[in-house]
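> Got a predicted model here, sequence first, then my questions.
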Amino acid sequence: MELGGNFMVDQNTMTFEKLITLAKKSRDFSQIENRVNDTKVLISYFSTLVNHELMQTSFLSNLNVKDKNLKIKSLKDLQELLPLSEMSITSDIAEIENKLYKGQLIVQIENDASNFLLININSCQTGLRQFNDSENEFSVVGPKMGFVEDIDTNMNLLRRKINSPKLVIEEILIGSLSNTRVMIVYMDGITSEQHINTVRERLSDIDIDIVWDTSLLDQVIRDNQNTPFPLYLSTERIDRITYTIVNGQVAIFSDGTPYAISGPSTLFDFFISPEDYYLNWVLGSFFRFIRIMGVFFSIFTSSIYVAVLTFHYEMIPKDLLGPLIESRANVPFPPILEVIFLELTIELLREAGARLPTKVGQTLGIVGGIVIGQAAVAAALTSNILLIIVALSALSSFTTPIFVMSNTIRVLRFIFIVLASCLGGLGIILGFVFLLAHLFRLKSFGTPYLVPLYPFRRNELADSFIRTPFKFINKRPEYLRPKEPIKYRVKKKKKTKGDLNDE
Amino acid sequence: MMNSVKVYKQPKFIISIIVTMVICLILSGCIPRSIIDELGITHTIGVDAEKGKIMATVLYPNYTNSNKASIIKAAADNPATLKTNLGQKSQNQIVIGQIRTFVFGVDYSKAGISRVVETICKDARMGNITFVISDSKAEDILKGIKDAPPLFLSHLIETSVQHEGIPETNLHTLLAQYYGSGIDIYLPNISFDNEKQLRMNGLGIFKGDKLTLNVSNKEAFLFKIMSEKNKRGYYDITLPKKDNQKTNKNNENQKGKQNEKKPGNENNFAFNSLYGNHKITLHKKDNEYTVNVNIKLNVELKGIPESINIEKKEDFHYLQKSMEKILAKDIETFLIKLQKNEVDPLGFGIIYRSQSKEWNEKNFYKNVYPKMKFSVKTDLNLRQMGVGE
C-alpha cells in the first residue's frame, strides 16, 4: 500500500516543467518555437523518435498558414489545421510523459497553458527489417511468411489471415522500463473465458523491467518453473499461430519480437508441422509419425548403447556382436565416456554453428563434423558405430519443428546416458518412469500437458500421432473447452451416377 | 504473485530427486559391469564325459584382434566349478550369455544329460539356445570348427532346421520334453563325414536323459512332417518299376541309358515339401490302441523319372499314388522302429494322457505303447512340376 501511495504522490507532483527539464538532459530532445499568425506555438519532441519526413510535409508546412485572418485561439483550432489522424488533447501529465517517450509531438500554445496537443508522427518502422520470411521454422510447402519485430505489422498479418470480427486483440503494457505493448489474442465466442482470464491475470501480475522477448513472458507465467519442457508453443510462423488461435488457444504477442506464444498447449503441439496439413493426410501422417519416432530415437539410442555395451551383452543380436566388438576393440574408454565425448562434440558443433556468421558456420560445421568424427575414430577415441548413432540421434532431434522442444530433447538425452551408465537398462526405465511422472504432472494454463494420452481422450487421437483426413479433424480439441466445438462442417459426398469417366 | 500457486511442493520434490540420484549412484556399485570388449563371449560349448568328470570345451571367438578363435578345456565334478575352472584359463571373463549352441559328446549323452540341463535352465542369462549331440566327442567338433566363422554351428543348425528337414529343437522344447511326461527328448545330431565336413546327421532320441537311438536324416524329415508346422525339406523316393510298362520309345531310350551306367538311380527322385498339415489321433477299440497319422503335404517335384510322362493322367495318378504309398510305408516303419526302441519323441503319451483319466507313465510305456498299432494316411498334392530345376 505504502509503495503504491508514494508512487501516486510522485505522479501528482509531476509537472510539465519538471518533465521538460528531465527530458532536456537528453541530447535528442528538441523544442521548436513557431508562430502561427501571431500565436506562439511550442513543439517538444525527441528527434530520434519522430518521422522527420512526416513532420516536414504534414505538420510544419501546415503551420505556415496563408490566410492571415485565421486566429488560433485554442488547440482545437490548431488541430483542425492539421491533416493528421492521430491527435489528442490532454492535460494529463502522465499520459504526456508516456507519449513523449513513444515519439509523439507535444504542442503548446501560449493562450492555453494547461492543455497539450499530442500528435503521433513517430517513426515506428525505423530499424525494422523489411522482409518477413520465417527464419527458423521452414516448410517446403505452404506459406513462408513469419512475424517481424513490429507488433503492428504482426497484428496486420494476423488480421489478414483471420478476417473475422471474432478475432479480439487486447493490449496491456508490461515492463517498468520498457513499457512494452503486449497483445493477448483470442477468438471471441470460441476461446474459453477461463483461459483468457488466466492469461490476463498472469500477464497483469508480471512485474519486470524489460520484456526482451515473449519467451521471457513464457518463463514468468508458466505453471511449473522447473521443467525443461516448453509449456507454451512458441513460434514465428503465421500459419501455426493462426491454427492455435482458431483451435481455441490464447496467443500472446509482444512488441519487438517475431515470436508469439500460445497456450494451453500439449506435448503433441510441439511435433506438429504446418506441412502436415498442407500435404495429403497419408503423407502428413507418415512424416509426423517419423518425427515422433525421431524423438524417441534421439532420447534413447545413445543411452541404450551405453546400457547394452556396459551391462547387457546378452541381448545383442548375434550378427551384430562382431561389428560392435570390432569397432570398440581399440577404444580405451568405457562406453559412457565414449558417448559423452561424442555427444559433447556434437553439442559444441551445434553451438558453434549457431554463433558463427552464416557463411563461416556452414563450412565449419561440415568440415568440423567430418574431420573431428573421422579423426576421433582413427585415433580410437570412439567407435564407428557410436559415431553413426550419435550423429543420427542429433539429426533426429532437429526434426522437431519447435526449436525450444528440440533443445529439451537434447538435454534429456544426457540424463538418460548417465542413468544408463549407472544402472543399465534399469536406469533407462527408471528415468523413463520419472519422465512420464513429470509429464503427467505438467500443466499448461491449468490444462494437462499430456492429453490426449493422459487423461485419455479417444476423440483427439485423430490429430496426434497421425494426422487423419480433414473430415475427422473438424472439431476443436475438448481439453481447450471451446465455446464453439465445431470448426467446420463436413458435407457428405454425393454419389454421382455412373458415367463413362467414373470407371 | 502467481508463485504462490505452485511453489508449495518444490522443496519436497527437490529432496526426492536428490535422494533418488544418491540411491542411483550407490546402487550402481552393486551391478557388475561387463563391458562388451572385455568379455570372453562364447557361442559354442561342448560337454563330454571324461574319466567320471564333466569336461567342458569352450570355443570363443576373438573379435578384437585377428578373429582367431580360442579353445579352452576344463574338467570338474559339477557344472558350477566348471565355470570357474574355465575362467582360470582365459584372459577374459568367460560369459555364457551369448551361447548359441550346446554340443553334447556321445559319451556324455549316453550317460545322461540331466546334470547340465538342470543347471542351465536355472540361469537367466541363457537365451533360447540350441542343443545338439554328436557322434564323436564334442571336443572334436569344436576343434573342427575352430577356423570357421564364430557363429558357424549356430547358422548351420538354423539353416538345416529351416530348409533341410531337420526338426527344430531349442532350450524350451528340451525343457518341455525333459520335465514333461509322455514325451521323450530328441536332439539333432552333428558329425563329420568322411571328408571332414561337418554335417547334420539325423536325430538322437533319448529315453529319460540318456541317448538310446540314432535316426537318419531321412527319418528326421519324416519326424519333422509329423511334428512341426514347418514342413520344408527334401525327401527322396525310389519308384518301383511299373508292372505293365509299355514298350515305347521312351522306355527304350531309358534302357539304353541304363546300359551306359549313368551315375544315380533313374527311378530315384526327390520331392520338395512346401507346406501342409499333420494330425495325430489315438483311437481305442477293444482295449487296443491305434495311432492314426494323417499327413497332407503340398510338394514340388524335382526331376521325375523319365519313364513317367506327367502330362498323362494315368502316369500322374500312378506317380501320386505310389509316392503316397511309399511315404506312408516309410512313416509306419519309422514309427515301429521308435516303438521297438521304446522311445516316444512324438509324444503319443501326451495324446494318451489327454484322453484317459488315469495316467501312469511307467504303465503306459510298459503296457500300452508296445502294443499300439499305427495307421498312416498320406495325401500328397503335387504342384509346380516341370518348372525350375
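On my side now, so go ahead. None of the values given here were measured: they were computed from a predicted structure.
> does any bit of the host helix or strand of residue A:262 sit next to chain B?
Of the helices and strands defined by DSSP states H and E, residue A:262 is found in strand A:260-263. No. For strand A:260-263 and chain B, the contact criterion (C-beta under 8 Å from any C-beta of the partner chain) is not met; the two come no nearer than 14.0 Å. Where you see a C-beta, it was placed from the backbone N, CA and C, and this is true even at glycine.
> From the chain's centroid, how far away is the very next helix or strand once past that strand?
For strand A:260-263, the succeeding helix or strand toward the C-terminus, using DSSP H and E, is helix A:275-278. The gap between where helix A:275-278 is centred and where its chain is centred comes out at 20 Å by C-alpha atoms, centre = their mean, to the nearest Å.
> Could you name the helices and strands sitting against the next helix or strand after helix A:275-278?
Helices and strands here follow DSSP H and E; after helix A:275-278, the next one along the chain is helix A:281-310. The helices and strands touching helix A:281-310, judged by 3 or more C-beta pairs under 8 Å, 6 or more residues apart in numbering or on different chains; DSSP states H and E, are helix A:275-278, helix A:335-355, helix A:384-397, helix A:403-423, helix A:425-441.
> and the last one, which residues are buried?
Neighbour-count burial for helix A:425-441 flags A:425-428, A:430-431, A:438-439 (criterion: 16 or more other C-beta atoms under 10 Å in any protein chain shown).
> any residues touching that helix, and which ones?
Contacts with helix A:425-441, where a contact means C-beta atoms under 8 Å, 6 or more residues apart in numbering or on different chains, come from A:224, A:227, A:229, A:267, A:300, A:303-304, A:307-308, A:311-312, A:412, A:415-416, A:419-421, A:423, A:448-450, A:454, B:20, B:24, B:28.
> buried subset of those?
A:224, A:229, A:267, A:300, A:303-304, A:307-308, A:311-312, A:412, A:415-416, A:419-421, A:423, A:448-450, B:24, B:28.
> Enumerate the residues of chain A near chain B.
Close to chain B, as judged by C-beta under 8 Å from any C-beta, chain A has residues A:201-202, A:205, A:207, A:221, A:223-226, A:308-311, A:313-314, A:316, A:318-319, A:321-322, A:324-326, A:328-329, A:331, A:334-335, A:419, A:421-424, A:427, A:430, A:434.
> Narrow the residues you listed to those that are buried.
Neighbour counting with 16+ other C-beta under 10 Å marks A:202, A:221, A:223-224, A:308-311, A:313-314, A:316, A:321-322, A:324-326, A:328, A:331, A:335, A:419, A:421-424, A:427, A:430 as buried within those.
> closest point of the stretch 201-350 of chain A to chain B, which residue?
Nearest to chain B in the stretch 201-350 of chain A, going by C-beta to the nearest C-beta, is residue A:314, at a distance of 3.3 Å.
> is it fair to say residue B:381 lies in a helix?
No. With the criterion set as DSSP: H, G, I helix; E, B strand; the rest coil, the secondary structure at residue B:381 is strand rather than a helix.
> elements contacting the helix or strand in which residue B:189 is found?
Assigned by DSSP H and E, residue B:189 falls within strand B:186-192. Packed against strand B:186-192, as judged by 3+ C-beta pairs under 8 Å, 6+ apart, are the following elements: strand B:130-134, helix B:138-144, helix B:152-163, strand B:198-207.
> do you know how far residue B:268 is from chain A?
According to C-beta to the nearest C-beta, to the nearest Å, residue B:268 and chain A sit 38 Å apart.
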